[in-house]
Structure formats: structure tokens, C-alpha cells
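Participant: okay, here's the prediction I keep looking at, along with the sequence it came from:
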Amino acid sequence: MGLGDNYIKPDGTISLPICLGTSDAKKSVMADFVVLGDSTSYNIILGRKTINELSAVICTKFLTMKFITDMETVGSIRRDLEAAVVCDNASLSLRKESKKTAGVFLADLDIRMEDKPRPEPEGDIEKFQIGKSAHQFTFVNRNLSHELKGPLMEVVRENRDLFAWTPSDMLGLDPEVMSHRLAVKPDAKPVAQQRKKMSQEMADEFAKQTAGLLEAGFIKELEYSTWLSNVVLVKKASGRWRMCVDYSNLNKACLKDSFPSPTSTP
């Protein structure tokens with residue numbers, strides 16, 4: 001995705017040495033860049049991988065980046081506020097122009113949107129069963145040679161435990177591997193959201209989806225008579241319902257984190 005919200009086909013990738021700081025307070029690493037032919041006021045954008053390799057911490061409020069230098073000291077890079085504002089305004093102008101002049105289309109990354117075209121296997125395909133039940137199957141290209149098709153199907157069958165045929169087959173993650181903790185403000189107070197009424201159609205859909213989540217073990221029933229977040233049903237373009245939770249009050253009660261760490265602290 002380009003900075004103008006339009007899909008851009010990358011021209012390729014390139015690995016370049018980069019250096020932060022000067023003299024003894026510097027850090028040098030090799031960085032992989034994706035080359036894009038887009039109109040933007042930014043020449044280079046550092047991704048999370050490179051920032052982690054630099055052991056860098058960024059504070060947008062003070063426009064400062066601190067990093068561990070090659071000498072194991074702490075180096076700093078500071079940006080001029082006026083230059084940052086000019087760069088940001090230029091980026092916004094280019095973004096508006098790209099929407100007006102270019103043939104822009106938005107790339108929907110939500111795989112749950114069923115009205116969008118999905119990738120389909122190419123060529124003449126045939127179905128073959130993986131598991132014990134008839135509904136546990138996948139497809140393979142019919143025109144593959146026997147030397148390739150046979151071992152491929154055998155590998156898939158040997159790893160059938162990696163497939164999830166129903167939501168209950170998704171075992172989830174061990175809390176010892178990864179957990180999520182809400183950074184709630186110490187002075188936050190509980191909020192009782194006003195109960196929202198829903199039509200019979202929405203109530204039936206809510207009961208159906210909740211039963212599926214309970215059966216899969218994704219949620220469990222708890223008794224909270226007052227403090228809760230309302231469930232909201234949103235109709236998708238395909239006509240089906242998507243069940244969401246109104247976490248607006250919870251978001252306000254949590255500390256804002258513009259740069260979350262790759263893993264959450266248990």
C-alpha cells in the first residue's frame with residue numbers, strides 16, 4: 001500500500017548500509033528496502049525490523065530517536081519541528097492529488113469480506129481427501145506429474161493437523177508463549193454502557209454467532225450485571241452480519257501506545 005492509499009506494485013528490493021549519528025555516536029547496519037515508484041515527500045521509511053536492529057526508541061512528541069551506538073553508548077537524533085510540519089503537509093497534498101489523478105483502487109486486506117474476489121488455484125484441479133471425514137479435503141493440480149503429485153499429497157496428509165476445519169479445531173496459543181494485557185489507566189472508572197435494543201433478526205444472528213464462539217471455546221460465559229461493552233452487529237456488503245464489540249469506553253480508559261512492542265507482556 002502506498003502512502004496515498006493506492007496499491008503500488010514494488011519495483012524490487014535492495015539491501016543498503018545505513019548509518020545513524022556521527023563520529024563515535026553512530027550505529028551502522030544493513031537494511032532491506034522495498035523500492036516503490038510513488039509520489040511522496042518521504043525518501044526513506046524505516047520498518048520495524050530495521051528499527052529493532054538499531055535498538056532504537058522513537059518519541060514522536062519530541063521528534064527524537066535514541067539508539068544504541070557501535071560503542072555501546074546511547075546516541076540521539078533530533079528532527080526540526082518546522083521541517084517535519086512542512087514534510088507532513090507536502091505528504092498530505094500528494095495524497096489528495098494521487099486520489100484525483102491516478103487510477104486508484106483500495107486494497108481490502110480483510111479476508112472476511114466475502115464480496116471481494118479471492119485468489120483461485122490455476123489450471124485443472126482435483127479434490128483429494130486429507131482427514132477421515134469427507135469434508136476434510138483440499139485441491140491439487142490434476143496436471144502435475146505423478147512423481148510430484150504423489151509426494152505432495154502425502155506431505156499434506158501427514159500434516160493434516162495443521163488444517164482447521166471448524167473453529168473448534170483452532171487450539172489457540174499457550175498463555176506461557178504469548179498473552180495480552182490491557183494497559184488501563186490507574187484512575188479509570190468503570191462505565192456502564194446504555195443498553196442497546198436490537199431487532200429480532202439481529203438478536204437471532206447474535207445468538208447464532210455467540211453459540212459458535214462458545215462451542216469453539218473462543219469465549220466463555222461470565223456474569224456481569226452492570227459493567228459490560230455492548231455487542232454491535234454490522235451488515236457487510238455481502239448481506240451477512242459481522243459481530244463487533246463496542247470498546248470505545250475501554251479504549252478511552254487505556255493508555256495510548258503508538259508504538260506497541262511485537263510481543264505483549266504477560
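Facilitator: That came through, no problem.

Participant: Leu63 is in contact with Arg79, correct?
Facilitator: Yes - look at Arg79 against Leu63 with C-beta atoms under 8 Å: they come within range, at 4.1 Å. C-beta: built from backbone N, CA, C; applies to glycine.

Participant: now the element after the one helix or strand in the chain whose mean pLDDT sits lowest, going C-ward?
Facilitator: Using mean pLDDT, DSSP states H and E, the weakest-scoring helix or strand in the chain turns out to be helix 81-101, at a mean of 66. Per DSSP states H and E, helix 81-101 leads on to strand 125-129 as the next helix or strand towards the C-terminus.

Participant: point out where the stretch 101-250 of the chain drops to low pLDDT.
Facilitator: The stretch 101-250 of the chain contains residues with pLDDT under 70 at 101-123, 224-226.

Participant: can you show me the helices along it?
Facilitator: Per DSSP state H, counting those that start in this stretch, the stretch 101-250 of the chain carries helices over the ranges 146-158, 200-216, 248-253.

Participant: who's in contact with Ile125?
Facilitator: Ile125 makes contact with 139-142 under the criterion C-beta atoms under 8 Å, 6 or more residues apart in numbering.

Participant: give me that answer again for 6 Å
Facilitator: Applying C-beta atoms under 6 Å, 6 or more residues apart in numbering to Ile125 gives the contacts 139, 141.

Participant: how near is it to His135?
Facilitator: Using C-beta to C-beta, to the nearest Å, Ile125 is found at 17 Å from His135.

Participant: likewise Gln193?
Facilitator: Taken as C-beta to C-beta, the span from Gln193 to His135 is 40 Å.

Participant: between those two, which one's more packed in?
Facilitator: Remark: of Gln193 and His135, Gln193 carries more neighbours, 14 against 8, as counted by other C-beta atoms under 10 Å.
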